[in-house]
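Asker: no sequence on hand, only this structure:
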Ligand SMILES: Nc1ncnc2c1ncn2[C@@H]1O[C@H](COP(=O)(O)OP(=O)(O)O)[C@@H](O)[C@H]1O
Ligand SMILES: [Mg+2]
């Protein structure tokens, strides 16, 4: 066990395992079976025949598949950046001495505890073209005249689904970063204060660098969850309007199950794998660079 | 460099007052040690000087300037923390250069100052390492290096040696003292270890329960303690205390300490006969002599240079340190005679003679 623990590569790999395991669990169906299905022309009710990489080749010329890739990347990047910013801000806020600290922390976790499908339905109401509480409020406040069609226009729908995803994902990021913040010794801030650091400089030179390893892990998870998101989109828009919110996951499901084209859907799902792998590798190397954590002798 | 003056300084956490009006004057260039048992408020006092704790009452001045409302970074002080508080993600060089970088010092100037400090502390070879890769003593040095690169007005130390092993502690003690003799920067040093205080200080402040018990040079406190607390705290092994009543002993004085034992008192004390007193005798002020009072040996510990004898005198545990090599067995009778004694009031602990 010890030589294994002392080996920084092995240890880095060990830290990857949970992410990898989760990835597998989340993608067992499209990945395991899909890997094979992707190379066949299987349809529902008809076992497929091996057709090589035909499915993958056709994806390149498929404008809808390309749109779903764009949608997925856009969704993932914007949602992750916002989740990170909001999560970090919330974590910093909760790390202070606030009254009712435990209570506030519990509240922050709420969106994470509610089942996705349930919160998606709640957002469906919030975004409803006629009954939206947001529109109602804005109208009452005199800021707008007509109700907003949150899910009716392509860009509006994209941002609306992103907002719902952020709402759901922020607690996870915030609580993990809060845990990370609490491992930073308060004397480091005192030392920094004596060294002449302003609040911003303390954040920039102490908090942020000490938090990067946890940020790397948390954001990897967050990116994985977001990239593979399905429930939220499926309940809110089913990919519409005009396929503007179709993610690779939803499109793949659409083609495979309602569309009956198991092979094509599987190939599309498989096409997600390289992106997820890239995200994991990015975090792996991001983590590995942190030599200061490793200890040991000269390098 | 500057003096540090504390006037009637108080500190409360919520409704609990932990520092009850402290007056201390540290002169320019002086090495002042705050010593006292754990929890007596030393760190709190030091942190108030640093500006890490608010001052609940009184005034603290660095040089001529009252710093009560001044932010830590404006006070021109440097502090060495007990756990070193090195930035784990910065190399030794960056740790030391951090304050200079924040102050907008030029790269070249920073490099010179860091290298100068590293040279003084013998850290030249470790500048590229991270704190995790250093031993306790090396980290301790980096913490000091971080303080000295800034050339501050005052150094503050909060038990900087308590995380080191005994041998290193002694070595670092000497190093810090040598460093002070070289830089002559006003220093306030907190410790619970009276030996550290005795060996390092120009001036010792003995604290107890949020109050100053006595201020003085190390040997002043040893020779002339103001009260029983200081007498018991300074000196190792600690002073023996026996309660009794003043009595006459032929031409001289004695204290009847119970069991019919009259401890002869070498001082000429103007204390009425029969008054209750506590008599204090330092272990090194006992001699083994035929005209001494009887005691029973419990344990003998020869250290080579001298011999520590733990015994029971009138039912009280006392320690004696003698130069000669006696081969006492446990249970043997020994006669001890005090050559120097201190008398204290039993109720207040104030020194009587
Ligand atoms: N932040 C705090 N809140 C409440 N009480 C404190 C705080 N810091 C210290 N104290 C109390 O103040 C007293 C003095 O503490 P401290 O200055 O750390 O003692 P020392 O350094 O002499 O061991 C202790 O009784 C301690 O419990
Ligand atoms: Mg302390």
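Answerer: Here it is on my side, so go on. A quick note: this is a predicted structure, and the numbers were derived from the prediction, not measured. Ligands and ions are numbered 1, 2, ... in the order given.

Asker: if you count neighbours, what's buried in stretch B:329-349?
Answerer: B:334, B:336, B:337, B:338, B:341, B:342, B:343, B:344, B:345, B:349 (16 or more other C-beta atoms under 10 Å in any protein chain shown). (C-beta placed from N, C-alpha, C; glycine too.)

Asker: equivalent analysis for stretch A:38-49, please.
Answerer: So, applying 16+ other C-beta under 10 Å, buried residues of stretch A:38-49: A:38, A:39, A:40, A:41, A:42, A:48.

Asker: packing partners for the helix or strand residue A:24 falls within?
Answerer: Residue A:24 is located in helix A:8-26, with elements delineated by DSSP states H and E. Judged by 3 or more C-beta pairs under 8 Å, 6 or more residues apart in numbering or on different chains; DSSP states H and E, the packing partners of helix A:8-26 are helix A:2-6, helix A:208-227, helix A:273-288.

Asker: just the angle between it and helix A:208-227, please?
Answerer: 30 degrees (axes from the mean of the first three to the mean of the last three C-alpha atoms, to 10 degrees).

Asker: what residues sit buried inside helix A:8-26?
Answerer: A:8, A:11, A:12, A:15, A:16, A:19, A:23, A:26.

Asker: let's have the residues you listed in a markdown table, adding distance to ligand 1.
Answerer: Compiled in a markdown table, the buried residues of helix A:8-26 are given as follows (distance: C-beta to the nearest ligand atom, whole Å):
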| residue | distance to ligand 1 |
| --- | --- |
| A:8 | 38 |
| A:11 | 37 |
| A:12 | 39 |
| A:15 | 35 |
| A:16 | 40 |
| A:19 | 39 |
| A:23 | 45 |
| A:26 | 45 |
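
Asker: as CSV, these with pLDDT would be great.
Answerer: Shown next, in CSV, are the buried residues of helix A:8-26 (pLDDT from 0 to 100):
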residue, pLDDT
A:8, 79
A:11, 82
A:12, 83
A:15, 85
A:16, 85
A:19, 82
A:23, 75
A:26, 74
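
Asker: averaged pLDDT, stretch A:153-170. What do you get?
Answerer: Mean per-residue pLDDT for stretch A:153-170: 89.

Asker: same check on stretch A:205-221?
Answerer: pLDDT averaged over stretch A:205-221 gives 89.

Asker: and if you look at stretch B:8-21?
Answerer: For stretch B:8-21, the per-residue pLDDT averages 93.

Asker: measure how far it is from the centre of its chain, please.
Answerer: Relative to its parent chain, stretch B:8-21 has a centroid offset of 22 Å by C-alpha atoms, centre = their mean, to the nearest Å.

Asker: before we move on, what about stretch B:77-95?
Answerer: The answer for stretch B:77-95 is 24 Å, by C-alpha atoms, centre = their mean.

Asker: wait, does it contact chain A?
Answerer: Yes - residues of stretch B:77-95 contacting chain A under C-beta under 8 Å from any C-beta of the partner chain: B:77, B:78, B:79, B:81, B:83, B:85, B:87, B:88, B:89, B:90.

Asker: now those: which count as buried?
Answerer: Buried members of the residues of stretch B:77-95 next to chain A, counted by 16+ other C-beta under 10 Å: B:77, B:78, B:79, B:81, B:85, B:87, B:88, B:89, B:90.

Asker: which of these are close to ligand 1?
Answerer: Filtering those for neighbours of ligand 1 using C-beta under 6 Å from any ligand atom leaves an empty set.

Asker: secondary structure and distance to residue A:276 added to the residues you listed, as TSV?
Answerer: Conversion of those to TSV gives the following (DSSP: H, G, I helix; E, B strand; the rest coil; distance: C-beta to C-beta, whole Å):
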residue	secondary structure	distance to residue A:276
B:77	strand	52
B:78	strand	49
B:79	strand	48
B:81	coil	44
B:85	coil	40
B:87	coil	34
B:88	coil	31
B:89	coil	29
B:90	coil	34
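
Asker: other residues contacting the helix or strand encompassing residue B:178?
Answerer: Element membership of residue B:178, judged by DSSP H and E, is helix B:166-183. Identification of contacts with helix B:166-183 by C-beta atoms under 8 Å, 6 or more residues apart in numbering or on different chains yields B:31, B:120-121, B:136-137, B:140, B:144, B:148, B:157, B:160-162, B:164, B:187, B:189, B:196, B:199-200.
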